[in-house]
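**Q** coords below, sequence missing:
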């Protein structure tokens with residue numbers, strides 16, 4: 001109950017089925033309401049707070065954590081009912097987003113649980129909106145170095161429909177044989193070679209956005225085969241600006257000094273500092289792709305429990321890095337940057353986090369406009385609240 005105007009109470013969740021939303025530790029952090037019948041918004045959550053941010057929370061993750069860790073796989077669905085239906089039939093590695101798109105925060109959270117070899121399987125509705133959401137979610141996961149596949153349910157059905165109409169065996173068969181992401185992306189390309197190439201090249205930027213080098217190389221080679229092109233052609237197209245009108249951040253030609261030293265810190269600091277840094281930094285906000293790759297590699301070693309408690313094993317770290325990133329690591333190890341101490345870690349981490357907040361402040365205007373075009377009122381409200389916070393923390397913004 002909340003005041004709408006004056007002092008009269010107003011039932012925020014009227015005509016909705018209520019679901020408790022819990023954090024990863026099982027504590028109740030919010031409620032979600034799914035509308036009964038038709039109407040908008042379909043899902044309505046508690047207001048965001050210190051404990052609850054829907055872009056960082058997944059429904060049923062507290063119950064699914066063990067199954068996810070044991071299986072190395074997580075099923076992501078769109079709604080509460082779908083998620084509960086999957087848990088009811090034994091697919092306990094299932095989670096749901098809270099009426100919003102899959103975010104980079106969700107992807108990083110799942111990546112930490114899955115480890116470097118885990119897989120996310122998107123089980124979205126088979127209607128046009130669900131298929132678009134699957135493609136958008138796949139992009140976010142690739143950019144976060146997460147392996148992703150898609151369950152395609154024909155006829156506009158959702159997981160709950162499949163279980164009710166065809167039984168548990170039919171759902172298990174779909175989940176056990178998901179469509180590889182590249183096959184999903186090219187499934188509706190026209191057969192005529194020229195048209196196929198023209199439409200297929202639009203996927204170049206997405207496959208090139210994969211931050212894991214081996215994953216990116218495989219996707220580029222697969223797309224090249226589908227379009228009868230050379231991998232070089234895909235890479236060249238992938239470097240072109242997006243044609244959607246999205247405002248892209250400008251990249252510096254060299255590594256920002258704070259980022260350079262942050263990478264050096266990760267190589268030399270102890271385990272506790274490494275965990276704190278990886279959790280604190282928005283990796284996708286790091287300007288230099290090589291530094292991002294180093295951070296992802298360190299995160300993999302932490303989640304895989306293969307890193308030592310002291311200085312990092314640089315040889316092991318470099319095993320799966322591309323040549324450019326290996327060169328950066330060698331440069332950092334042999335450089336004469338300031339000695340790594342608690343004081344320098346705190347100071348330089350603060351510099352990086354401050355710059356990332358300012359970058360977010362510059363980007364928030366276009367994000368609000370995009371959310372308004374989509375008619376996503378909840379996202380607009382969230383972004384406006386974030387804009388107000390940024391104005392408070394950074395008056396010059």
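**A** Noted; the coordinates are in hand. Values in this document were obtained by computation on a predicted structure and should not be read as measured data. Residues are numbered from 1 along each chain as shown.

**Q** just give me the neighbour total for residue 105.
**A** 18 (other C-beta atoms under 10 Å). Where you see a C-beta, it was placed from the backbone N, CA and C, and this is true even at glycine.

**Q** excluding sequence neighbours, find me the nearest residue to it.
**A** In space, residue 105 comes closest to residue 56 once its chain neighbours are excluded; the distance is 4.4 Å by C-beta to C-beta, 6 or more residues apart in numbering.

**Q** so where do the helices sit in the stretch 151-300 of the chain?
**A** Secondary structure of the stretch 151-300 of the chain (DSSP state H, counting those that start in this stretch): helices at 159-166, 168-176, 181-186, 193-200, 204-208, 213-227, 231-238, 257-268, 271-280, 289-303.

**Q** kindly reformat those helices as a markdown table containing distance to residue 326.
**A** A markdown table is the format used below for the helices of the stretch 151-300 of the chain (distance: least, C-beta to C-beta, whole Å):
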| stretch | distance to residue 326 |
| --- | --- |
| helix 159-166 | 43 |
| helix 168-176 | 37 |
| helix 181-186 | 27 |
| helix 193-200 | 32 |
| helix 204-208 | 20 |
| helix 213-227 | 11 |
| helix 231-238 | 19 |
| helix 257-268 | 13 |
| helix 271-280 | 19 |
| helix 289-303 | 9 |
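
**Q** just the pLDDT for the residue nearest to residue 105.
**A** On the pLDDT scale, residue 56 is placed at 91.

**Q** got any ranges where the stretch 251-397 of the chain has weak pLDDT?
**A** Applying pLDDT under 70 to the stretch 251-397 of the chain flags the ranges 251-257, 284, 304-311, 334-339, 356, 358-363, 390-397.

**Q** quick one: residue 110 and residue 120 touch, right?
**A** Yes - taking contacts as C-beta atoms under 8 Å, residue 110 lies within contact range of residue 120: 5.9 Å.

**Q** give me the more crowded residue out of these two.
**A** residue 120 (28 against 22).

**Q** hey, where'd the strands end up in this protein?
**A** 2-3, 9-10, 16-22, 28-35, 43-45, 73-77, 94-96, 119-122, 147-150, 179-180 (DSSP state E).

**Q** most tightly packed of those?
**A** strand 94-96 (a mean of 27; mean count of other C-beta atoms under 10 Å).

**Q** the residue nearest to residue 105 against residue 103, yeah?
**A** Yes - in this structure residue 56 lies within contact range of residue 103 using C-beta under 8 Å: 7.5 Å.

**Q** what sits against the residue nearest to residue 105?
**A** Residue 56 makes contact with 103, 105, 106, 109 under the criterion C-beta atoms under 8 Å, 6 or more residues apart in numbering.

**Q** farthest pair in the residues you listed?
**A** By the measure C-beta to C-beta, 103 and 109 form the most distant pair in the contacts of residue 56, at 9.4 Å.

**Q** residue ranges with poor pLDDT in the stretch 101-250 of the chain?
**A** Across the stretch 101-250 of the chain, residues meeting the criterion (pLDDT under 70) sit at 240-250.

**Q** before we move on, the earlier item: which one of the helices of the stretch 151-300 of the chain lies closest to residue 71?
**A** Of all the helices of the stretch 151-300 of the chain, helix 168-176 sits nearest to residue 71, with 10.8 Å by C-beta to C-beta.

**Q** packing partners for that closest one?
**A** With contacts defined as 3 or more C-beta pairs under 8 Å, 6 or more residues apart in numbering; DSSP states H and E, helix 168-176 has these neighbours: helix 159-166.

**Q** dihedrals phi and psi, residue 211?
**A** The phi/psi pair for residue 211 (degrees, to the nearest 10) reads phi -90, psi -20.

**Q** residue 53 versus the residue lying closest to residue 111 once chain neighbours are set aside, what's the distance?
**A** Among residues not flanking residue 111 along the chain, residue 146 sits closest, at 5.1 Å (C-beta to C-beta, 6+ apart). Distance, residue 146 to residue 53, using C-beta to C-beta, to the nearest Å: 20 Å.

**Q** which of these two has more residues huddled nearby?
**A** residue 146 (24 against 15).
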